[in-house]
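Engineer: Sequence first, predicted coordinates after that:
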Amino acid sequence: MVASGEAPRWRQLTMADVMAEFYDGPHATPPPANEGPVYLGIRNISEDGRLDLSDIRHIDESDYPKWVSRVEPRAGDLVFTYEATLHRYAILPDGFRGSLGRRIALIRVDPDVVDRRFLHYVFLSPQWRRTIEQRLNIGSTVDRIPLTEFPNYPIAVPPLDYQREVVHALGAIDDLIENNRRRIEILEETARLIYREWFVHFRFPGHEGVELVDSDGGSIPEGWCTETLADAAHLVMGQSPKSEFYNDDGVGLPFHQGVTNFASRYPEHKKWCTEANRIAEQGDVLLSVRAPVGRINVAPDRLVIGRGLAALRTRRGSQVHLFETLREVFAEEDSMGGGTIFKAVTKTDLERIIVLRPPADLVSLFDASVGPMFELVQNLTFQNRVLSQARGLLLPRLISGDVYVSDLDLDLEPVA
């Protein structure tokens, strides 16, 4: 135990000292199955340290024993990528049942030496990234952590009770981020369901007394019509300035060439540009016009768009309705309208897209219903970015002892 007022002391150990068990995954891939245990792939481990099982490969139940003959992963195990795509770490949750995939290794910690959650934070730190990058196999065709040498990698750890204090402090931030993320997902799905209920299935308020009539786009409610996207929205196609005008120092306007820095709703600014050529105004819908065609975000600020993007602003006064309309049109990325596959689309292609034009009063009612959800998504998104920045600053200092938990005054309040 660390005495009150006494600074904890870090011990210089190796990974062999903190690991009770260590395995790598099978060097083959099972035949695809429609259901069954998870075959854990690199794509299932996110860069920010989470397990993402939204897109998984399954193992046939009858084949499962073969794929876990060396080790059957269990809740609490740490998994990480060791080849090609590095610096991805996650802790397996309760209820996980599956096999390690190729290029993924597993650690079971010695609980008398290290808290697995503390080790997870160490793995996410810039210090550990440097440890890895200094020891990669040189001359390989891909980046690879030599697993035979991994147990000898150095690691510094404080006493267990202090590790748990660090976990509690950083975990409070992570818990709020995760809570916000779940709220965002629910709000996004609710907005989409309302849109589809009103404008796809035509079960809008008062629909019972409205007849369906024929149109160029099929049967639509009486009083509605169709129009081109050119009539519905003002459209700006991006154009890339010369690279000499780019910078990473925040000079000029934020610049987005394509979807590289897109997030669930708002892109993250990583580059800026001093030549303001093609501009997206704050609140414009950003639409990818090169593969993947149809990926959508919203401009959080005034920004410059490159040739991979278009910016759209409604001519009817409801960006919320335009956003959901485009989400419906491009529900399947790289396709348009009836499912035609596009690797790139032109301004003419976009302008010719046919969309529904509901009555203005119904659009206004939709905006009043869904608009507050959009505003809350924005607030939650930007709170998460602030929290992530704070976590990014604190994590390396806490796990190295440059800052102690006792020095912190964390006041974490969720967005109302």
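Structural biologist: Done, it's in.
Engineer: all helices for this protein, in order.
Structural biologist: Taking DSSP state H as the criterion, the chain carries its helices at 15-18, 64-67, 116-123, 126-133, 160-199, 229-232, 319-329, 347-351, 360-400.
Engineer: Quick one: those helices as JSON lines, columns for mean neighbour count, mean pLDDT and distance to residue 35 too.
Structural biologist: All C-beta atoms are positioned from the backbone trio N, CA, C, and that covers glycine. Formatted as JSON lines, the helices of the chain follow (neighbours: other C-beta atoms under 10 Å; pLDDT from 0 to 100; distance: least, C-beta to C-beta, whole Å):
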{"stretch": "helix 15-18", "mean neighbour count": "17", "mean pLDDT": "98", "distance to residue 35": "36"}
{"stretch": "helix 64-67", "mean neighbour count": "16", "mean pLDDT": "95", "distance to residue 35": "12"}
{"stretch": "helix 116-123", "mean neighbour count": "22", "mean pLDDT": "97", "distance to residue 35": "29"}
{"stretch": "helix 126-133", "mean neighbour count": "14", "mean pLDDT": "94", "distance to residue 35": "36"}
{"stretch": "helix 160-199", "mean neighbour count": "17", "mean pLDDT": "96", "distance to residue 35": "23"}
{"stretch": "helix 229-232", "mean neighbour count": "18", "mean pLDDT": "97", "distance to residue 35": "40"}
{"stretch": "helix 319-329", "mean neighbour count": "21", "mean pLDDT": "96", "distance to residue 35": "29"}
{"stretch": "helix 347-351", "mean neighbour count": "15", "mean pLDDT": "95", "distance to residue 35": "38"}
{"stretch": "helix 360-400", "mean neighbour count": "17", "mean pLDDT": "95", "distance to residue 35": "33"}
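Engineer: how about those helices, which one is nearest residue 255?
Structural biologist: Of all the helices of the chain, the one in closest proximity to residue 255, counting by C-beta to C-beta, is helix 360-400 (18.1 Å).
Engineer: Please find the angle between the direction vectors of that closest one and helix 160-199.
Structural biologist: Put simply, helix 360-400 runs at 170 degrees to helix 160-199, going by axes from the mean of the first three to the mean of the last three C-alpha atoms, to 10 degrees.
Engineer: Indicate which one of the helices of the chain is closest to residue 97.
Structural biologist: Taking the helices of the chain one by one with C-beta to C-beta, helix 64-67 is closest: 8.5 Å.
Engineer: I'd like the helices of the chain written out as JSON lines, with distance to residue 274 added.
Structural biologist: Formatted as JSON lines, those follow (distance: least, C-beta to C-beta, whole Å):
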{"stretch": "helix 15-18", "distance to residue 274": "46"}
{"stretch": "helix 64-67", "distance to residue 274": "54"}
{"stretch": "helix 116-123", "distance to residue 274": "38"}
{"stretch": "helix 126-133", "distance to residue 274": "29"}
{"stretch": "helix 160-199", "distance to residue 274": "33"}
{"stretch": "helix 229-232", "distance to residue 274": "31"}
{"stretch": "helix 319-329", "distance to residue 274": "28"}
{"stretch": "helix 347-351", "distance to residue 274": "25"}
{"stretch": "helix 360-400", "distance to residue 274": "24"}
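Engineer: and of those, who's closest to residue 84?
Structural biologist: So among those, helix 126-133 is nearest, using C-beta to C-beta, at 13.4 Å.
Engineer: how far does that closest one sit from the chain's center?
Structural biologist: 23 Å (C-alpha atoms, centre = their mean, to the nearest Å).
Engineer: can you check stretch 348-356 too?
Structural biologist: Taking C-alpha atoms, centre = their mean, one finds the center of stretch 348-356 at 29 Å from the center of the full chain.
Engineer: And stretch 282-290, by the same measure?
Structural biologist: Per C-alpha atoms, centre = their mean, the centroid offset for stretch 282-290 relative to its chain is 18 Å.
Engineer: which residues sit against stretch 234-248?
Structural biologist: By C-beta atoms under 8 Å, 6 or more residues apart in numbering, the surrounding residues in contact with stretch 234-248 are 229, 252, 255, 257, 270-275, 277-280, 284, 289, 304-315, 347, 350-351.
Engineer: how does it look with 6 Å?
Structural biologist: Under the criterion C-beta atoms under 6 Å, 6 or more residues apart in numbering, residues 271-275, 277-278, 305-307, 309-313, 347 lie in contact with stretch 234-248.
Engineer: now those residues: which count as buried?
Structural biologist: 271-273, 278, 305-306, 309-313 (16 or more other C-beta atoms under 10 Å).
Engineer: re earlier: and the helices of the chain: which comes nearest residue 82?
Structural biologist: helix 126-133 (9.3 Å).
Engineer: okay, the angle between the closest one and helix 360-400?
Structural biologist: Using the same axes, to 10 degrees: helix 126-133 against helix 360-400 is 70 degrees.
Engineer: Just list what helix 126-133 packs against, helices and strands only.
Structural biologist: When contacts are defined as 3 or more C-beta pairs under 6 Å, 6 or more residues apart in numbering; DSSP states H and E, helix 126-133 packs onto no helix or strand at all.
Engineer: can you rerun that using 8 Å?
Structural biologist: strand 154-157, helix 360-400 (3 or more C-beta pairs under 8 Å, 6 or more residues apart in numbering; DSSP states H and E).
Engineer: ok so, going back, hmm, which of the contacts of stretch 234-248 is lowest in pLDDT?
Structural biologist: Ranked by pLDDT, the contacts of stretch 234-248 bottom out at residue 277 (87).
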